[in-house]
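1. Turn this into a structure:
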Amino acid sequence: MRQERAGRGASQPYRREQHPTATGVLDSLVAGEARPEMPVVVIVAGLGAVGMMRRTMTVIGSRTRCVLLDLPGYHHSGPASCAPTIEDIADLVAAWLRDHTTTPVILLGHSTGAQAALRAAVKAPGLVDMLVMAGPTLVPAARRPWGLTRKLARTLIHESVSAGIAVCPDFARAGIRNLLQFARSGMDDRPEQIMPIVSCPVLVITGEHDHLAPPSWAHRLAAMATEGSAVTIAGAHSFPHTMPRTVSDLIRQAAADKSHTGRVVEPAAGRRPLEVNVADVGGAHHPVGVAPPVGEHPEHLLRRRVNRTFGS
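-> Numbering: from 1, shown residues only. The predicted model follows:
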């Protein structure tokens, strides 16, 4: 499987920071510095696998400050920051936003991290400028053990070896008991019940071969938001690791366009268009935008015409 190179952003060093919380200490990885042209980005990884999001963090860090929260805290030398559940992580993310941010941020969650980020955006609405849900789990058909096993198997055949290597240390630190508790929490969660009450714009990104969060599910979630967009790109569930520049470009473009008119931003010179699906909800659109330079996408990049959908 071909992968994007992170480019100059990947060479930027990241630093570790610790943040006091009501329950102890929350560790994070931080790249870049805050800039006026783009809000700070805060990342919540899926199943606590910060390794999956490190490439995306470093690329975003070339454009603005990017904070990758270590939740539930597998990398912390002391006790975990919180229990490995969607609700507990959402509570801690919301508390962290209230205590450590002064302006609204872009909140990016991947996999079960997207589920937690969704709930955190509702708990701290004034502190989230835009919510980005990358590969939001779980499609209803994967909410039972056998269904999850089948969907996971169909996804894994499209995953890269490097993605597995990236998450192995995190999963080893977590241990099987914590991972099973986390997975059960994700299976019990119902993001479709929360999405309609989110007050900020929502961008849902998924991979064309992601059977845990397939395109149809991404479009359905986006259609439930007051201002929602769904974008399908190349890759499977680990696309933040394999396609970090694409993810960063989509976030930057969505953050830059505040009109919410449904206009698809034209790609810059030397870039080929990334055709997207835009969810149209009650006449409100949230636009997204450009693809990375030619040659960065695998040949099987899913190309679609703009298709405004409602409830699909």
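2. drop to CA atoms for contacts and neighbour counts, all remaining ones
-> Fine.
3. So which residues of the protein form strands?
-> Remark: strands assigned in the chain by DSSP state E are 15-21, 24-31, 41-44, 66-69, 105-110, 128-134, 202-207, 228-233.
4. In terms of secondary structure, what does the third one contact?
-> Going back to what we said before, that points to strand 41-44. Packing contacts for strand 41-44, counted by 3 or more Cα pairs under 8 Å, 6 or more residues apart in numbering; DSSP states H and E, involve helix 50-60, strand 66-69, strand 105-110, helix 112-123.
5. the helices in the stretch 151-300 of the chain, which residues?
-> 161-174, 176-188, 191-194, 215-224, 239-242, 244-256 (DSSP state H, counting those that start in this stretch).
6. Quick one: list the elements packing against the fourth one.
-> In this structure, helix 215-224 packs against strand 202-207, strand 228-233, with contacts taken as 3+ Cα pairs under 8 Å, 6+ apart.
7. the inter-axis angle of it versus strand 228-233?
-> Angle, helix 215-224 to strand 228-233, by axes from the mean of the first three to the mean of the last three Cα atoms, to 10 degrees: 160 degrees.
8. can you count the residues close to residue 147?
-> Burial of residue 147 is recorded as 15 neighbouring residues (other Cα atoms under 10 Å).
9. Next one: it from residue 251, what distance?
-> 31 Å (Cα to Cα, to the nearest Å).
10. okay, the helices and strands packed on helix 215-224 in TSV with mean neighbour count next?
-> Listed next are the helices and strands packed on helix 215-224 as TSV, based on neighbours: other Cα atoms under 10 Å:
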stretch	mean neighbour count
strand 202-207	29
strand 228-233	28
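11. Quick check: which of those strands is nearest to residue 15?
-> Among those, the nearest to residue 15 by Cα to Cα is strand 202-207 (27.0 Å).
12. Just checking: what are the partner strands of the closest one?
-> Sheet pairing of strand 202-207 (DSSP bridges) gives strand 128-134 (parallel), strand 228-233 (parallel).
13. which residues are contacting it?
-> 130-136, 213-215, 218-219, 221-222, 225, 227-237, 239, 254, 286 (Cα atoms under 8 Å, 6 or more residues apart in numbering).
14. Can you give the distance of it from its chain's centre?
-> 7 Å (Cα atoms, centre = their mean, to the nearest Å).
15. Pretty sure residue 187 sits against residue 138.
-> Yes - if you go by Cα atoms under 8 Å, residue 187 and residue 138 touch, sitting 6.6 Å apart.
16. neighbour count winner among the two?
-> residue 138 (26 against 20).
17. The more buried one reaches residue 211, doesn't it?
-> No - between residue 138 and residue 211 there is no contact under Cα under 8 Å: 9.2 Å.
18. re earlier: let me know which of the helices of the stretch 151-300 of the chain is tucked in deepest.
-> Of all these, helix 239-242 has the most neighbours on average by mean count of other Cα atoms under 10 Å, namely a mean of 28.
19. Who are the packing partners of that one?
-> Counting by 3+ Cα pairs under 8 Å, 6+ apart, helix 239-242 packs on helix 50-60.
20. Using PDB, write out the CA atom coordinates for the helix it packs on.
-> Output of helix 50-60 as PDB, limited to C-alpha atoms (Å, rounded to 0.1, in the frame of the first residue of the first chain):
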ATOM      1  CA  VAL A  50      -1.500   7.900  20.000                       C
ATOM      2  CA  GLY A  51       1.000   6.300  17.600                       C
ATOM      3  CA  MET A  52      -1.800   6.200  15.000                       C
ATOM      4  CA  MET A  53      -2.200  10.000  15.100                       C
ATOM      5  CA  ARG A  54       1.500  11.100  15.400                       C
ATOM      6  CA  ARG A  55       2.000  11.700  11.700                       C
ATOM      7  CA  THR A  56      -1.200  13.800  11.400                       C
ATOM      8  CA  MET A  57      -0.100  15.800  14.400                       C
ATOM      9  CA  THR A  58       3.300  16.600  13.000                       C
ATOM     10  CA  VAL A  59       1.800  17.700   9.700                       C
ATOM     11  CA  ILE A  60      -0.800  19.900  11.300                       C
END
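21. That helix - contacts with which helices or strands?
-> So helix 50-60, by 3+ Cα pairs under 8 Å, 6+ apart, packs with strand 24-31, strand 41-44, strand 66-69, helix 161-174, helix 239-242, helix 244-256.
22. and these as a markdown table, adding distance to residue 109 and mean pLDDT?
-> Shown next, in a markdown table, are the helices and strands packed on helix 50-60 (distance: least, Cα to Cα, whole Å; pLDDT from 0 to 100):
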| stretch | distance to residue 109 | mean pLDDT |
| --- | --- | --- |
| strand 24-31 | 14 | 89 |
| strand 41-44 | 5 | 98 |
| strand 66-69 | 10 | 97 |
| helix 161-174 | 16 | 93 |
| helix 239-242 | 10 | 97 |
| helix 244-256 | 12 | 95 |
